[in-house]
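Colleague: here is the input, now give the coordinates:
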Amino acid sequence: MTEANQELDARNLNCPLPILKAKKTINKMESGQVLRILATDPGSVKDFEAFARQTGNELLESTESGDEFHFLLQKK
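Modeller: Next up is the predicted model:
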């Protein structure tokens, strides 16, 4: 399991807030660092896949646990 440098709790937030908060957080991180995101919006799965493609950051992991979605995003 990849170790995260920072964690973002975006649970109970709906689109586009999880992406906007992740973008703001990852912009403050250094290249190579990993951000763990916790979300409850089912749309966040496709949103974070698209976000990674558009920004060049790498989506290392996308998992579902009950009603939660967990993502590991590595800054380019």
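Colleague: only C-alpha atoms for contact and neighbour calcs from this point on.
Modeller: Will do.
Colleague: geometric centre of this protein: which residue is closest?
Modeller: Centroid check for the chain by Cα atoms, centre = their mean gives I37 as the closest residue, at 4.2 Å.
Colleague: hmm, who's touching the helix or strand hosting that one?
Modeller: Using DSSP states H and E, I37 sits within strand 34-39. Here strand 34-39 makes contact (Cα atoms under 8 Å, 6 or more residues apart in numbering) with 3-13, 18, 22, 26, 68-75.
Colleague: if we use 6 Å, what do you get?
Modeller: 4-11, 68-74 (Cα atoms under 6 Å, 6 or more residues apart in numbering).
Colleague: and the pLDDT for the residue of the chain positioned farthest from its centre?
Modeller: Most distant residue from the mean C-alpha position of the chain: G66, 17.3 Å away (Cα atoms, centre = their mean). pLDDT recorded at G66 is 95.
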